[in-house]
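In: Build the 3D model from these lines:
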Amino acid sequence: MPLSAEPGGAGKPRILLVTANLDRHARELKDAFEAGGALVVTSGLADVGFDTGARHGLVFPGFGETLPDAVCVRTMDGGSFEAVTRRLSILHALGRLGVLVSNDARAIENCVDKAMTSFLIAKAGLPTPRSWTVESRAEAERIVAAENRALVLKPLFGAQGKGLRLIGSIDDLPPHDEIAGGVFYLQRFIGHSSDGRWSDYRVLVSQGRVVAAMRREAACWITNIKQGASAHAIEADRELEDLAIAATTAVGGDFCGVDLLKDASGRPNVLEVNSMPAWTGLKKASGLDIAAVRAKDLLGALAARRRVREHPALT
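Out: Residues are numbered from 1 along each chain as shown. As a prediction, this is how the structure comes out:
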């Protein structure tokens with residue numbers, strides 16, 4: 001996707017908005033950044049190139065050999081292992097060059113890989129359903145048999161509730177050739193219904209604070225908005241909020257959507273952390289302009305960085 005704007009304008013922060021396509025969320029972000037006084041260039045990372053002969057080693061259509069002041073990652077294109085690795089490397093390189101990248105490459109990697117997310121959440125001592133990630137079907141069968149309880153089989157690199165399966169016995173495991181990438185990611189199922197309805201929570205964290213939250217409700221155990229779940233406003237819940245903030249910190253993120261589920265005893269658990277969250281349901285449930293919050297927080301973080309660089313004594 002080509003860049004949509006040329007940089008320019010003295011004193012205005014230049015924002016590279018990384019997006020796989022110019023969907024409604026990306027358009028809202030672009031408008032919000034511009035309303036905040038920024039110049040915005042939208043691009044997929046496929047259009048950014050490494051060039052060791054260039055001034056900074058990177059070349060951006062629209063920026064040339066100069067760097068953006070900050071990068072806002074909305075979504076990333078899928079692709080081959082090599083292509084995705086190269087694109088993440090661009091984000092890594094930008095961070096090493098001192099550019100503010102949100103979320104940065106490490107946080108994205110930690111969240112895209114559910115095994116790493118679960119590892120980091122558990123390592124931080126946060127409540128989360130036990131999970132296993134293996135490549136052997138025999139080992140997956142052993143885990144299912146040993147657990148003797150419902151598990152959820154998820155694609156390691158999945159999103160929006162796609163490809164989820166409830167596993168109650170070995171017979172429920174699909175053939176190995178139907179397992180995405182040949183990797184079995186299994187997580188204990190702690191969901192429970194009330195009057196035939198299932199629910200969980202999505203909490204949005206930005207710059208270390210909760211900015212929006214909702215309860216998602218559905219007629220089945222898959223409660224993603226994209227799968228037909230409805231979004232409902234909730235009262236402030238300190239326990240949920242503190243857990244969402246801690247989970248975002250654990251994965252190294254600064255703008256994340258945290259999925260939480262209360263078990264039968266009412267104890268909240270972290271299920272997943274999304275480093276590139278959509279906000280259709282949250283916007284409806286909270287009434288907030290999420291894109292405006294995102295843009296304001298990123299521009300605020302950029303301004304704070306600049307103040308520290310200009311006045312080191314402030315640190």
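In: going forward, measure contacts and count neighbours with C-alpha atoms only.
Out: Noted.
In: where in the stretch 51-200 of the chain is pLDDT low?
Out: Counting by pLDDT under 70, the ranges of the stretch 51-200 of the chain that qualify are 160-161.
In: Leaving out chain neighbours, which residue sits closest to Gly36?
Out: Lys296 (6.9 Å; Cα to Cα, 6 or more residues apart in numbering).
In: So the one you found, which state does it fall into?
Out: The three-state assignment at Lys296 reads helix, by DSSP: H, G, I helix; E, B strand; the rest coil.
In: Next, the contact list for it, please.
Out: Applying Cα atoms under 8 Å, 6 or more residues apart in numbering, we find Lys296 in contact with 32-33, 36.
In: Which one of those is nearest to Ala93?
Out: Phe33 (23.4 Å; Cα to Cα).
In: is it fair to say that closest one lies in a strand?
Out: No: read with three-state DSSP, Phe33 is helix and lies in no strand.
In: where exactly do the strands run in the stretch 101-250 of the chain?
Out: 131-134, 151-154, 165-167, 184-188, 198-206, 209-218, 230-232 (DSSP state E, counting those that start in this stretch).
In: mind putting those strands in a markdown table, mean neighbour count included?
Out: A markdown table is the format used below for those (neighbours: other Cα atoms under 10 Å):
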| stretch | mean neighbour count |
| --- | --- |
| strand 131-134 | 17 |
| strand 151-154 | 22 |
| strand 165-167 | 19 |
| strand 184-188 | 23 |
| strand 198-206 | 23 |
| strand 209-218 | 22 |
| strand 230-232 | 20 |
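In: Of all those, which one comes closest to His176?
Out: With Cα to Cα as the measure, strand 184-188 is the member of the strands of the stretch 101-250 of the chain nearest His176 (9.0 Å).
In: Show me how far the closest one is from its chain's centre.
Out: 19 Å (Cα atoms, centre = their mean, to the nearest Å).
In: With stretch 26-35 instead?
Out: The answer for stretch 26-35 is 19 Å, by Cα atoms, centre = their mean.
In: Go ahead and produce PDB holding the CA coordinates of that stretch.
Out: The C-alpha trace of stretch 26-35 is given here as PDB (Å, rounded to 0.1, in the frame of the first residue of the first chain):
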ATOM      1  CA  ALA A  26      -7.000   3.500  10.500                       C
ATOM      2  CA  ARG A  27      -9.000   6.400   9.100                       C
ATOM      3  CA  GLU A  28     -10.200   7.300  12.600                       C
ATOM      4  CA  LEU A  29      -6.600   7.300  13.800                       C
ATOM      5  CA  LYS A  30      -5.400   9.400  10.900                       C
ATOM      6  CA  ASP A  31      -8.100  12.000  11.600                       C
ATOM      7  CA  ALA A  32      -7.300  12.000  15.300                       C
ATOM      8  CA  PHE A  33      -3.600  12.500  14.800                       C
ATOM      9  CA  GLU A  34      -4.200  15.300  12.300                       C
ATOM     10  CA  ALA A  35      -6.600  16.900  14.800                       C
END
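In: For stretch 241-256, give me every contacting residue.
Out: Under Cα under 8 Å, 6+ apart, the answer for stretch 241-256 is 102-104, 106-108, 110-111, 117, 120-121, 124, 126, 203-210, 258, 260, 270, 273-277, 294.
In: If we ignore the residues flanking it in sequence, what's nearest the residue most central in space within the chain?
Out: Central residue of the chain (Cα atoms, centre = their mean): Ser275, 1.6 Å from the mean position. Nearest residue to Ser275 in three dimensions, chain neighbours excluded: Cys256, at 4.8 Å (Cα to Cα, 6+ apart).
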